[in-house]
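**Student:** structure of the sequence below:
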Amino acid sequence: MHEPSEHFQQDCITRFNDLRRNEEWEIRDDVSVPALRYAAIIILVKNSEDIIHVNLEHHYRLGFRRFFILDNNSTDKTSFLILSFKKNHEDADVFYTTDYNPAHRQAIKTGAMATFAENYLHNDPHPIDWFFPIDADEFITCCTKNTVNAVQEFTNFLEDSSSEVLVFNWAQSALFSKETRKFTTFSDRLSTTEFSTWNNMKVHVTKIAYRANHQLTPTEGNHFVDNYHAGENGLRSMTAIGFCLLHFPMRSIEQLRCKLVDGVNGLNAAKHHPSTGGHWRYYHNHYLRHGDKALHAFLMEHINSCL
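**Tutor:** This is a model prediction of the structure:
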């Protein structure tokens, strides 16, 4: 099984659209899931100073206490912000290291970090039970007013021995205010940040968390896992219980410029086939030909899709 079945995917789409249009929809960043204490978040970052602090604090509040962070040669304040987070949260186990290899090999590097983390804590009284690979621009978020039920269901998924893969869905989001029609920036947390999120799921994209000690490894992009054989019996839809992955891929002209240049350089360093990362290569080519005018057009296209 290389991805969830068409039936599973369609159910996720329907559930997201129903939740998004329902009065129960609400972004809640005050939710805590204590059962996440012994799970591990794995983050690969590069030049993410505008978002990494908000991301780490968000997932700390959600209940995570184990963070394994691989920084791909950031030249901005990303490393400073990560170390500040570590210093300010003594009860969090933060492993932070530098990835000297510029090549974009997300699946290999994420898998390597998971293997390291598993071995590193093998003799710990509480070994890692789940891995949550995310990007710096992704936020695991409770999106329902019914937080009690959402937390209980999340906990049930984590503790159910038959659960092997938790399937999240992207909810594309943009730093833009519907009311003022102006660009916004991140505040200290999502609940105090003005942003707009898809009214319906226009493109279905899965991202996963997976149980440790099951020989599972993330695929490129963390969209699914390899070596998975349990069919739908081992899959759990996070959208069905009100949890989405809020995704902020384009946040400003400066951030988008940096992301395109760094991304394409990473793809080229890895000598990937030209079809890999095709959408980012497309954006990058237009940027080379039209400069910031192209970036503004791409940013506005993303914002309009979220409105």
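**Student:** show me what counts as buried in the longest strand along the chain.
**Tutor:** Counting residues, the longest strand found in the chain (DSSP state E) is strand 165-174. Buried residues in strand 165-174, counted by 16 or more other C-beta atoms under 10 Å: 165-174. Just so you know, the C-beta spots here come from the backbone N, C-alpha and C atoms, and that holds for glycine as well.
**Student:** one more: stretch 51-63?
**Tutor:** Quick answer for stretch 51-63 (16+ other C-beta under 10 Å): 51-60, 62-63.
**Student:** buried sites along stretch 138-158?
**Tutor:** 138-144, 150-151, 153-154, 157-158.
**Student:** which is the succeeding secondary structure element to the longest strand of the chain?
**Tutor:** strand 176-177 (DSSP states H and E).
**Student:** got the contact list for the residue nearest the centre of the chain?
**Tutor:** In the chain, the C-alpha nearest the mean C-alpha coordinate belongs to residue 138, at 3.1 Å (C-alpha atoms, centre = their mean). By C-beta atoms under 8 Å, 6 or more residues apart in numbering, the contact set of residue 138 is 55, 170, 207, 245-248.
**Student:** tell me which two of those sit farthest apart.
**Tutor:** 55 and 170 (15.2 Å; C-beta to C-beta).
**Student:** residue 191: which of the buried residues of stretch 138-158 is nearest?
**Tutor:** residue 141 (10.1 Å).
**Student:** the closest one contacts residue 25, correct?
**Tutor:** No - between residue 141 and residue 25 there is no contact under C-beta atoms under 8 Å: 11.4 Å.
**Student:** tell me the mean pLDDT for stretch 250-268?
**Tutor:** Computed over stretch 250-268, the mean pLDDT rounds to 91.
**Student:** CA atoms of it as PDB?
**Tutor:** Taking C-alpha atoms only, stretch 250-268 is exported to PDB below (Å, rounded to 0.1, in the frame of the first residue of the first chain):
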ATOM      1  CA  MET A 250       4.100  31.200   1.100                       C
ATOM      2  CA  ARG A 251       4.400  34.000   3.600                       C
ATOM      3  CA  SER A 252       6.100  36.900   2.000                       C
ATOM      4  CA  ILE A 253       8.000  37.900  -1.100                       C
ATOM      5  CA  GLU A 254      11.300  37.600   0.800                       C
ATOM      6  CA  GLN A 255      10.500  34.200   2.300                       C
ATOM      7  CA  LEU A 256       9.300  32.900  -1.100                       C
ATOM      8  CA  ARG A 257      12.400  34.100  -2.800                       C
ATOM      9  CA  CYS A 258      14.600  32.400  -0.300                       C
ATOM     10  CA  LYS A 259      12.600  29.200  -0.400                       C
ATOM     11  CA  LEU A 260      12.800  28.900  -4.200                       C
ATOM     12  CA  VAL A 261      16.500  29.600  -4.400                       C
ATOM     13  CA  ASP A 262      17.400  27.300  -1.500                       C
ATOM     14  CA  GLY A 263      15.000  24.600  -2.700                       C
ATOM     15  CA  VAL A 264      16.200  24.400  -6.300                       C
ATOM     16  CA  ASN A 265      19.800  24.500  -5.100                       C
ATOM     17  CA  GLY A 266      19.000  21.600  -2.900                       C
ATOM     18  CA  LEU A 267      17.300  19.700  -5.700                       C
ATOM     19  CA  ASN A 268      20.300  20.300  -8.000                       C
END
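**Student:** all set, thanks.
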